[in-house]
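*Asks:* Would you be able to build a 3D model of this:
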Amino acid sequence: MNSKKLHTTSLENLYGPISCDIIRQDNEIRIVHLRDKKNVSRTVGVVRFYNTDHKTIKTVHKTILSGELLGKTLKQSRIHYNKETIGAVTVRLPDWIIDNFPTKEEHSVAVISFINIDTSFNGPLLYTRIIEVLPPDLSTGYEHDIIQKQDIDNDILPLFELADLTIENIIV
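*Replies:* Sure thing, here's the model as predicted:
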C-alpha cells in the first residue's frame, strides 16, 4: 500500500479528523468536501470510478459509496493500490467552493491523480481518476507539477466541468 500519497492522511496530519460531505454521488461520479473537525472544507474531491464490480474492489467500493472517505477506506481495507499524480492545474474557483474554503481567493490548484488496484494475477486495475481541489493556503509547492490543459486526458476534463472549475494558465 502507498499511504504516504493519500491526501486524507496528509489532511489528518494537519487538521485532525477529516470527514466526507458528499455533494454528488452515483456509481461513476463522486464530488465531496473533505472537512475538518471545525466543518471547514480542506479539499474538494471530484472522482470518477472505474471497474467497481471487480472482485478485488467490489466490497470496498460499496463501503466508500456508503459515505466513507476513499483514501482512508482503501488504507484500512489492506488492498494493495498505487496512487500516482499526473500533475496539477491552476483553476478558477466557483463561488460554491470559495464559500466553503477558508479563503476569498479566486484561484487555486487542482491536483490530478489516479489509483490503480493490484489484482496480482491480472496486473493493475484502474479504480479512480481524481481531481483534488486544494484551498489556496495548501496549494504552494505545486509550481513544478503544473501541466497545461492540453495535457489532460479527455476522460478527466469533464470532471472539471461537473464541479464548475475553469482551468487557467496562470501561476498561483
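*Asks:* Quick check: pLDDT value at the residue of the chain positioned farthest from its centre.
*Replies:* In the chain, F121 marks the outermost C-alpha relative to the chain mean, sitting 27.4 Å out by CA atoms, centre = their mean. pLDDT, F121: 75.
*Asks:* for it, helix, strand, or coil?
*Replies:* What DSSP: H, G, I helix; E, B strand; the rest coil gives for F121 is coil.
*Asks:* For it, give me phi and psi.
*Replies:* In terms of degrees, to the nearest 10, the main-chain angles of F121 are phi -80, psi -40.
*Asks:* Contact partners for R129?
*Replies:* By CB atoms under 8 Å, 6 or more residues apart in numbering, the contact list for R129 reads V47, R48, Y50, I112, S113, F114, D153, D155, I156, L159. Any C-beta I mention is one placed from the backbone N, CA and C, and that applies to glycine too.
*Asks:* Relative to K55, how far out is the residue farthest from the centre of the chain?
*Replies:* According to CB to CB, to the nearest Å, F121 and K55 sit 11 Å apart.
*Asks:* In ChimeraX, how would I select the buried members of the contacts of R129?
*Replies:* To isolate the buried members of the contacts of R129 in ChimeraX, using 16 or more other CB atoms under 10 Å:
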select :47,48,50,112,113,114,156,159
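*Asks:* Tell me which of the contacts of R129 has the lowest pLDDT.
*Replies:* Of all those, D153 carries the smallest pLDDT score, 85.
*Asks:* If you count neighbours, what's buried in stretch 9-29?
*Replies:* Neighbour-count burial for stretch 9-29 [16+ other CB under 10 Å]: S10, L11, E12, I18, C20, I23, Q25.
*Asks:* Perfect, I'm done here.
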